[in-house]
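Chemist: Dropping the sequence and predicted coords here.
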Amino acid sequence: MSHRLVDLARLPRHELEHLLRYGERPDHASLSGYVFKGANVTVPGSLMFPRFSKGFFVEEGRAMGYNVPVERGPLDGAWYTKPREDPKPFGFYEVLPMAPGLPMAIYPNSVLLDYSKGGNWSPDRLLRDFLVLVEPNNPDLLLGKAYLALGVWVSVGFFVLERWGKAPARPPR
């Protein structure tokens, strides 16, 4: 992961919240066809393991995405999918643009990763992630905040993403 991403993950919670509230909405076209390295930010200044990755694609005209497991290791070490050959995507979601006035538009400049619309039957379907560009016109560096939809939305924490590489046009389910 880049130094910029690690620096972002070390920001205090109130600064992450500010960036999320005023960040720029990512264009799905700039995300689609790519996989991003990710790390959860648990408490201000620290990162939680395991690492993860997210991919984006289009299916039947819908902006979609998924998660891919990665091997454990340090953030600045080599990244490999798990298993390295033919990893199995999971936790599918639909990518929806937020706007003022929409239900739960906490971050109106974001996109919502809605796992309830991804065909999941596991607890993954309770996840909702808001995602923004940290720097204008830079689709390689993203900040997100995860919530659990439990009748009320409960914040799980922040996460950071950095473009990793190309993804399959349509991942296997």
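Modeler: On my side now, so go ahead.
Chemist: Please make it C-alpha for all contacts and neighbour counts, starting now.
Modeler: Will do.
Chemist: and after the lowest-mean-pLDDT helix or strand in the chain, which helix or strand comes next?
Modeler: Every helix and strand in the chain was compared by mean pLDDT, DSSP states H and E; the lowest is strand 47-59, with a mean of 80. Scanning forward in sequence from strand 47-59 by DSSP states H and E, the next helix or strand is strand 62-69.
Chemist: quick one: strands adjacent to that next one?
Modeler: Note on strand 62-69: by DSSP bridges, its sheet partners are strand 47-59 (antiparallel), strand 90-97 (antiparallel).
Chemist: and of those, who's closest to Arg21?
Modeler: Taking CA to CA, strand 90-97 is the member of the strands paired with strand 62-69 nearest to Arg21, at 14.1 Å.
Chemist: Which other helices and strands does the helix or strand following the closest one contact?
Modeler: For strand 90-97, the following helix or strand on the C-terminal side (DSSP H and E) is strand 111-114. Contact partners of strand 111-114 among helices and strands, from 3 or more CA pairs under 8 Å, 6 or more residues apart in numbering; DSSP states H and E: strand 90-97, strand 127-133.
Chemist: mind running it again at 10 Å?
Modeler: In terms of contacts (3 or more CA pairs under 10 Å, 6 or more residues apart in numbering; DSSP states H and E), strand 111-114 is packed against strand 62-69, strand 90-97, strand 127-133, strand 141-150.
Chemist: do you know which of those lies nearest Val41?
Modeler: Val41 lies closest to strand 141-150 among the helices and strands packed on strand 111-114, at 9.3 Å (CA to CA).
Chemist: hmm, back to that, using a markdown table, please lay out the strands paired with strand 62-69 together with distance to Val111.
Modeler: Below are the strands paired with strand 62-69 laid out as a markdown table (distance: least, CA to CA, whole Å):
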| stretch | distance to Val111 |
| --- | --- |
| strand 47-59 | 13 |
| strand 90-97 | 4 |
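Chemist: Dump the ones you listed to CSV, plus mean neighbour count and distance to Val134.
Modeler: As requested, these are arranged in CSV below (neighbours: other CA atoms under 10 Å; distance: least, CA to CA, whole Å):
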stretch, mean neighbour count, distance to Val134
strand 47-59, 20, 17
strand 90-97, 22, 16
